[in-house]
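1. Next input, structure requested:
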Amino acid sequence: MAARPTSGRESRVCVAQIGAAHGLKGEVRLWSFTQEPSGFAAYGSLETEDGSRILDVENARFAKDHFVAKFRSIDDRNAAEALRNVKLFIARERLPAVEEDDTFYHADLIGLSAVTPDQSVFGEVIAVQNFGAGDILEIKRADGSVLMLPFTDVAVPQIDLARGTIVVDPPQDSPESEAGA
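-> This next block holds a predicted model:
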């Protein structure tokens with residue numbers, strides 16, 4: 001579902017990231033991480049990752065694979081360029097409740113303990129990535145290695161947010177599946 005991961009149990013969720021300045025009047029390129037791409041603008045004020053600024057979207061328009069956005073009080077290219085790579089957050093409680101049992105906010109998956117079907121510890125979910133072909137869980141193993149696992153019903157047959165666990169079943173022919181055995 002919507003939103004880019006933060007750190008699982010945080011009270012804020014990253015909904016967008018600013019890119020380079022666009023033009024001379026304070027506009028920026030912006031990548032949205034919400035399920036409905038224009039949704040980032042509907043949440044009202046957006047907070048920077050370090051909490052030092054609150055930004056209000058004045059307007060936004062879609063352009064190719066991103067938005068061009070204008071924030072109140074950002075009126076020139078220099079001010080816009082100073083926002084490059086800034087991640088924008090909202091309070092978790094401002095997101096709508098998840099209505100389906102098999103739908104999750106990425107932020108809710110970060111920090112879950114990954115276990116195998118026999119409940120052996122496998123690692124911890126540290127990120128949810130999407131490079132265009134579907135969501136991928138990034139799992140950090142006890143030895144420090146990182147496994148990228150497709151977020152599918154086969155590879156991830158069970159998620160229990162209440163217990164803080166996610167059952168993972170990596171392919172048997174992968175070195176990662178043998179490392180935990």
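2. and Ala42, that's in a strand?
-> No: with DSSP: H, G, I helix; E, B strand; the rest coil as the criterion, Ala42 is located in helix rather than a strand.
3. and it, how many residues sit next to it?
-> Using other Cβ atoms under 10 Å, Ala42 is surrounded by 11 other residues. Just so you know, the C-beta spots here come from the backbone N, C-alpha and C atoms, and that holds for glycine as well.
4. ok, it to Pro157 distance?
-> When distance is defined by Cβ to Cβ, to the nearest Å, Ala42 is 34 Å away from Pro157.
5. Tell me which residues of stretch 122-134 come out buried.
-> Neighbour-count burial for stretch 122-134 flags 122-128 (criterion: 16 or more other Cβ atoms under 10 Å).
6. Then stretch 30-42?
-> Across stretch 30-42, burial judged by 16+ other Cβ under 10 Å covers 30, 32-34, 37, 39-41.
7. now do stretch 61-70
-> Within stretch 61-70, the residues that qualify as buried are 66-70, counting by 16+ other Cβ under 10 Å.
8. starting at the chain centroid, how far to it?
-> When distances are taken as Cα atoms, centre = their mean, to the nearest Å, stretch 61-70 is centred 19 Å away from the chain's centroid.
9. average pLDDT across that stretch?
-> Confidence for stretch 61-70, expressed as mean pLDDT, is 94.
10. From the opening residue of it to its closing one, how far?
-> Start-to-end span of stretch 61-70 (Cα to Cα, to the nearest Å) is 9 Å.
11. what ranges do the helices span in the protein?
-> 77-81, 106-109, 175-179 (DSSP state H).
12. could you say what helices and strands the first one packs with?
-> Looking back up the chat, that one is helix 77-81. Where contact means 3 or more Cβ pairs under 8 Å, 6 or more residues apart in numbering; DSSP states H and E, helix 77-81 is packed against strand 12-22.
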